[in-house]
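Participant: mind folding the following:
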Amino acid sequence: MSTAMRFDGELAEIRFGCGLSPNHALATSPEDVLSQLAAPDLAAQAWPIPDFDGAMAEARAYISLRQEQREAVGTEAFEARNVALTEQRARLRDLRADWFRSRLLRCATSAQPFRERLTLFWADHFTAQGKVPALRYAASPYVESSIRPNVSGLFEDLLIAAVTGPLMLHYLDQHRSTGPNSPRAKRVSDRRGQDIGLNENLAREVLELHTLGVDGPYTQQDVRELAELFTGLGYSLKDGFTFRPGWAEPGAETVLGQSYGGDSAQLEPILNALRDLARHPATAQHISRKLAVHFVSDAPDRHLVAYMAARYQETGGDLLAVYAAMLDHPEAWQPQLANVKPPFSYLASACRALAIPPAALGGLSRGQINRFFLRPMQAMGQRWEFAGGPDGWAEADAAWITPQALAERIRWSMDVPARLLSTLPDPQQAADQALGARQDARLRFVVSAAETEREALGLILTSPAFQRR
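Facilitator: Model (predicted):
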């Protein structure tokens, strides 16, 4: 297959990485790209984010202070406790800005940009977000714990890590799901105000979004029985993931014709069901197509998808082998840049192309992070870490190319880079750094004719060639 492929180092950085950078040499082969995943995770070491357990201390502090504030209503202690709660809210917002900065710096500076792109892809595939104040800022630690360590292993391990992650269990209300015939249901069935019952959210999304796909070979009965199998999965802010036998539906459950579980409630049958779903041919097809859509084209060549899916099945869902198949196929190297960069990737690639110093980004306050990045991203259509639903952000170009979004990209490009750089680069140098061989004669002309360096930068960063990958 690879004999018909023409590797392009610049295209590799743009399509499979985070964009061109004057600070890093181009990859020389598909093997060079893949080797990034075998090397130590240098970007995570340079720009750390705590894992989920580490971040939960702040969430527990918030909950404790909130409870103390409520208990102090009408007393002399209320004002002091209200101030403490307000300060903790501000600390959580500061941490969110810090973690955003780390993720931005990883993309902007990493010599292993393929890892960064994969982390973004899988974080979106397994979208989870906090729905209460204490967990509203927990998405980055969730990604750090469940997603990033598993992007180059077996898909089943990534699936299990994401599905059993406390934030996922919270987001899809699994922590409330109770087997109808479980000991807990029988114990509290006569109490008013109790939220008792089976919740199918997690089971449905695992089948529809995470594994088999929306057109996969499952029925509503499969959803129901998988939901019953999942009862017992839970979490607490104190202990993280927990398995609660008293909440689990007794007996075996049948999913896609396979029986799981038995008389005693155990975690292992749930994990076995997830492993089987991960290895299913429909999952191979769904995951391969989604990867091809994200990295190559909104309408990927069917032969590319089939080639990746075959490798997936041959290896039992070895993601590194699937990535290798994608990079090995000539359709992945079509020279036309087909996909529009979503807002975060667009801003990160601009910082990377312009080699904005880490110190310039590291010195930004929370207010500046909001003003220079988070609010512009939202105006471009992407609210950081808060997608519209569990299916994550849209891959279709039309989702990002709207009049308002384009206007914000132009405004950002004309304004923010000049605020982050002490000296603006020569316009042609900037075009070479950002686009390499993908700048055409028309762009060279308009850049050379720009009245100011600031305007020239804006023209480069808003050119169609830079906005696509």
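Participant: mind listing the strands for the stretch 251-400 of the chain?
Facilitator: Taking DSSP state E, counting those that start in this stretch as the test, the strands found in the stretch 251-400 of the chain are 253-255, 258-260.
Participant: adding distance to Q221 and mean pLDDT, write those strands out as JSON lines.
Facilitator: In this view, the C-beta of every residue, glycine as well, is placed from N, C-alpha and C. Below are these laid out as JSON lines (distance: least, CB to CB, whole Å; pLDDT from 0 to 100):
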{"stretch": "strand 253-255", "distance to Q221": "8", "mean pLDDT": "98"}
{"stretch": "strand 258-260", "distance to Q221": "13", "mean pLDDT": "98"}
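Participant: quick one: closest of these to A399.
Facilitator: Comparing the strands of the stretch 251-400 of the chain against A399 with CB to CB, the closest turns out to be strand 253-255 (32.9 Å).
Participant: give me the buried positions along that closest one.
Facilitator: Within strand 253-255, the residues scored as buried using 16 or more other CB atoms under 10 Å are 253, 255.
Participant: and for stretch 76-84?
Facilitator: For stretch 76-84, using 16+ other CB under 10 Å, the buried residues are 81, 84.
Participant: which residues touch that stretch?
Facilitator: Identification of contacts with stretch 76-84 by CB atoms under 8 Å, 6 or more residues apart in numbering yields 65, 68-69, 72.
Participant: and which of those is nearest R148?
Facilitator: Nearest to R148 among those, with distances taken as CB to CB, is L65, at 30.1 Å.
Participant: need the per-residue pLDDT for T211.
Facilitator: Here the pLDDT value assigned to T211 is 98.
Participant: most remote residue from this protein's center?
Facilitator: In the chain, E76 marks the outermost C-alpha relative to the chain mean, sitting 45.0 Å out by CA atoms, centre = their mean.
Participant: and that one, that's in a helix?
Facilitator: No: secondary structure of E76 (DSSP: H, G, I helix; E, B strand; the rest coil): coil, not part of a helix.
Participant: phi, psi for it please.
Facilitator: Reported as degrees, to the nearest 10, the phi and psi values for E76 are phi -70, psi -20.
Participant: distance of it from A306?
Facilitator: Distance of E76 to A306, computed by CB to CB, to the nearest Å: 71 Å.
Participant: make CSV out of the contacts of stretch 76-84 and add neighbour count.
Facilitator: Shown next, in CSV, are the contacts of stretch 76-84 (neighbours: other CB atoms under 10 Å):
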residue, neighbour count
L65, 19
E68, 16
Q69, 19
A72, 15
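Participant: now, which of the residues you listed sits nearest L271?
Facilitator: L65 (36.5 Å).
Participant: for the closest one, give me its contacts.
Facilitator: 81, 84-85, 88.
Participant: out of these, which is nearest to R454?
Facilitator: The closest of the contacts of L65 to R454 turns out to be Q88 (CB to CB; 40.0 Å).
Participant: a helix runs through that closest one, doesn't it?
Facilitator: Yes: counting by three-state DSSP, Q88 is part of a helix.
Participant: give me the pLDDT for the residue farthest from the centre of the chain.
Facilitator: 95.
Participant: what sits against the closest residue to S297 other than its chain neighbours?
Facilitator: Among residues not flanking S297 along the chain, A338 sits closest, at 4.2 Å (CB to CB, 6 or more residues apart in numbering). By CB under 8 Å, 6+ apart, the contact list for A338 reads 296-298, 468.
Participant: neighbour-wise, which of the residues you listed leads?
Facilitator: V296 (23 neighbours; other CB atoms under 10 Å).
Participant: who are the contact partners of the residue nearest to that one when sequence neighbours are not counted?
Facilitator: The shortest distance from V296 to any non-neighbouring residue, by CB to CB, 6+ apart, is to A332 (5.4 Å). The contact partners of A332, by CB under 8 Å, 6+ apart, come to 5, 15, 292, 295-296, 304, 326.
Participant: and those as JSON lines, adding pLDDT and distance to E156?
Facilitator: Below are the contacts of A332 laid out as JSON lines (pLDDT from 0 to 100; distance: CB to CB, whole Å):
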{"residue": "M5", "pLDDT": "69", "distance to E156": "29"}
{"residue": "R15", "pLDDT": "98", "distance to E156": "27"}
{"residue": "A292", "pLDDT": "98", "distance to E156": "20"}
{"residue": "F295", "pLDDT": "98", "distance to E156": "22"}
{"residue": "V296", "pLDDT": "98", "distance to E156": "24"}
{"residue": "L304", "pLDDT": "98", "distance to E156": "23"}
{"residue": "M326", "pLDDT": "98", "distance to E156": "19"}
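Participant: show me where the stretch 101-250 of the chain has its strands.
Facilitator: 233-236, 240-243.
Participant: nearest to G436, out of these?
Facilitator: Nearest of the strands of the stretch 101-250 of the chain (CB to CB): strand 240-243, 45.2 Å.
Participant: any low-confidence regions in the stretch 301-450 of the chain?
Facilitator: Within the stretch 301-450 of the chain, no stretch has pLDDT under 70.
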